[in-house]
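Q: 3D, please:
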Amino acid sequence: MEAPLSGAVADSAPDFLQGYLSEDEYARQRGVSLRTCQRDRALRQSPPYVIIGRQVYYRLEAVREWLIKHERVEERQSQSFARRVTR
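A: Numbers count the residues shown, from 1 in each chain. Predicted structure coming up:
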């Protein structure tokens, strides 16, 4: 299934920003607040980004690569751990 990160910067953006998401669009598609994105960047827990003037942009392909890199697989708990928890 394709990730919802299919949009790019609005049509009124310059051509050189094609393939980039504005910070607002990135937050919207991710389902979090703008402040959460800002905090993630400060904590270095965000995809790579560029700053042009005062605007932050995320390259769509870099976001997809970052998501794949941070993909998690649920680990099964060992039987002994599960028994200790359920006492």
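
Q: residue boundaries of the helices in this structure?
A: 23-30, 34-42, 60-69, 79-85 (DSSP state H).

Q: longest strand anywhere in this protein?
A: strand 55-59 (DSSP state E).

Q: using PDB, list the CA coordinates for that strand.
A: Taking C-alpha atoms only, strand 55-59 is exported to PDB below (Å, rounded to 0.1, in the frame of the first residue of the first chain):
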ATOM      1  CA  GLN A  55      10.500  27.800   5.400                       C
ATOM      2  CA  VAL A  56      11.300  24.100   6.100                       C
ATOM      3  CA  TYR A  57      10.900  21.500   3.300                       C
ATOM      4  CA  TYR A  58      11.100  17.800   3.300                       C
ATOM      5  CA  ARG A  59      12.100  16.000   0.100                       C
END
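
Q: output the below-cut-off pLDDT ranges for this structure.
A: Applying pLDDT under 70 to the chain flags residues 1-14, 77-87.

Q: now do 50
A: 1-2 (pLDDT under 50).

Q: one step back: can you tell me which of the helices of the chain is packed in deepest?
A: helix 23-30 (a mean of 18; mean count of other C-beta atoms under 10 Å). For the C-beta atoms, the positions are set from N, CA and C on the backbone; glycine is no exception.

Q: what packs against that helix?
A: Packing partners of helix 23-30 (3 or more C-beta pairs under 8 Å, 6 or more residues apart in numbering; DSSP states H and E): helix 34-42, strand 55-59.

Q: got the CA coordinates for the longest one in PDB?
A: Extracted as PDB, the C-alpha positions of helix 34-42 are listed here (Å, rounded to 0.1, in the frame of the first residue of the first chain):
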ATOM      1  CA  LEU A  34       3.500  21.600  13.400                       C
ATOM      2  CA  ARG A  35       5.100  21.900  16.900                       C
ATOM      3  CA  THR A  36       5.700  18.100  17.000                       C
ATOM      4  CA  CYS A  37       7.600  18.300  13.700                       C
ATOM      5  CA  GLN A  38       9.700  21.200  15.000                       C
ATOM      6  CA  ARG A  39      10.400  19.300  18.200                       C
ATOM      7  CA  ASP A  40      11.400  16.200  16.200                       C
ATOM      8  CA  ARG A  41      13.800  18.300  14.200                       C
ATOM      9  CA  ALA A  42      15.400  19.800  17.400                       C
END
